[in-house]
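Novice: Sharing a sequence plus its predicted fold:
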Amino acid sequence: MSEQNSDSSTSESEISACSSNFDPLKALYSAKTKIPVENAPMYENLAQYEIAQKKKDVIPVGHSEQVRKREEEKERKRLQEEKELQEKNKQRFAKYQGMMPTVRRLKKTKNLLTRIEQMEGPLGVLKDCVDQRLRIKVITRNERGIRGDLHATLIAFDKQWNLALCDVLETWKRKGPKKRKIPPGLGTPVPKGTAAAISPVPVVTEKPLGKGWWECTRHIPQIFVRGEHVVLINVVER
């Protein structure tokens, strides 16, 4: 009822913006108010309107496309300024380029596994044995001559012919029990609770060959052979 009474008591001259009797308060709350210019720009507050009168780059409310274009233009100018600044700094410090410390290149790590990949010649054959898991036969020597041979799978090696083997079947010859000399330490049994309980000693199988010689055979899970004990290496499986 109050709104209807207020609209009925409000004259057109009071809500008309072109009239000398214009009352802005009544025009704000009246339903009869008509905007003189339908496409008039809309601002958020009076301060923004005052700035828009002085500057032409203030965008009214509801023009999101113009706002987007303006932000893109600002970003383009910012990137252009950064590029120009970098170019200017590059030219500015060009004469000091030779005085700057050089960056050291990180050296590639070299170890046994990386060197195996570059092996050529006879060592290249051992590389194929490692890659293809081929069985090899290694003839070993002692201080007096040939000791025996090893049938094993090669895991790793180096240029000194040091070999890391697994699943090794070792065969060698030695004198019989009456003619061979046994050091005192080897005749002492290993006490319980020592390393023998963790890694048992491989069982040696002996076979007589005659004339006081015996052929010994044993299976070793893993073994490392120094290159100075290697006489010959033959690839058993291809």
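Specialist: Received, thanks.
Novice: Where does the prediction get shaky in this protein?
Specialist: 1-10, 56-57, 60-64, 97-103, 177-199, 238 (pLDDT under 70).
Novice: and it, what are its domains?
Specialist: Per automatic domain parsing, the domain ranges recorded for the chain read 2-40, 56-95, 114-186+201-235.
Novice: Comparing the ones you listed, which comes out most buried?
Specialist: Ranked by average neighbour count under the criterion mean count of other Cβ atoms under 10 Å, the domains of the chain are headed by domain 114-186+201-235 at a mean of 14. (C-beta placed from N, C-alpha, C; glycine too.)
Novice: how far does it sit from the chain's center?
Specialist: 40 Å (Cα atoms, centre = their mean, to the nearest Å).
Novice: Let me see the contact set for residue 119.
Specialist: Residues near residue 119 by Cβ atoms under 8 Å, 6 or more residues apart in numbering: 126-127, 159.
Novice: just curious, which of those residues is nearest to residue 138?
Specialist: residue 126 (10.6 Å; Cβ to Cβ).
Novice: Now the closest one. Nearest residue, chain neighbours left out?
Specialist: The shortest distance from residue 126 to any residue other than its chain neighbours is 5.2 Å, reached at residue 157 (Cβ to Cβ, 6 or more residues apart in numbering).
Novice: and that neighbour, what is it in contact with?
Specialist: 116, 123, 126, 130, 163-164.
Novice: among these, which are in strands?
Specialist: Among the contacts of residue 157, the members found in strands (DSSP state E) are 163-164.
Novice: For the contacts of residue 157, work out which two are farthest apart.
Specialist: Based on Cβ to Cβ, the longest span within the contacts of residue 157 runs between 123 and 164 and measures 14.3 Å.
Novice: re the thing from before, for the residue nearest to residue 126, list each beta-bridge partner.
Specialist: Per DSSP bridges, residues listed as beta-bridge partners of residue 157: residue 163.
Novice: Distance of it relative to residue 110?
Specialist: Separation of residue 157 from residue 110 (Cβ to Cβ, to the nearest Å): 16 Å.
Novice: again with residue 87
Specialist: In terms of Cβ to Cβ, residue 87 sits 42 Å off from residue 110.
Novice: Equivalent analysis for residue 143, please.
Specialist: Taken as Cβ to Cβ, the span from residue 143 to residue 110 is 34 Å.
Novice: element containing the closest residue to residue 58 other than its chain neighbours, please.
Specialist: Closest residue to residue 58 apart from its sequence neighbours, by Cβ to Cβ, 6+ apart: residue 52 at 3.9 Å. Taking DSSP states H and E as the criterion, residue 52 maps to helix 46-54.
Novice: just checking, what packs against that helix?
Specialist: If you count contacts as 3 or more Cβ pairs under 8 Å, 6 or more residues apart in numbering; DSSP states H and E, helix 46-54 packs onto no helix or strand.
Novice: hey, C-alpha coordinates of it in PDB?
Specialist: The C-alpha coordinates for helix 46-54 follow below in PDB (Å, rounded to 0.1, in the frame of the first residue of the first chain):
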ATOM      1  CA  LEU A  46      30.500   7.600  -8.600                       C
ATOM      2  CA  ALA A  47      34.200   7.400  -8.200                       C
ATOM      3  CA  GLN A  48      34.400   5.200 -11.300                       C
ATOM      4  CA  TYR A  49      32.100   7.500 -13.200                       C
ATOM      5  CA  GLU A  50      34.300  10.500 -12.400                       C
ATOM      6  CA  ILE A  51      37.400   8.600 -13.600                       C
ATOM      7  CA  ALA A  52      35.500   7.600 -16.800                       C
ATOM      8  CA  GLN A  53      34.900  11.300 -17.500                       C
ATOM      9  CA  LYS A  54      38.600  12.100 -17.300                       C
END
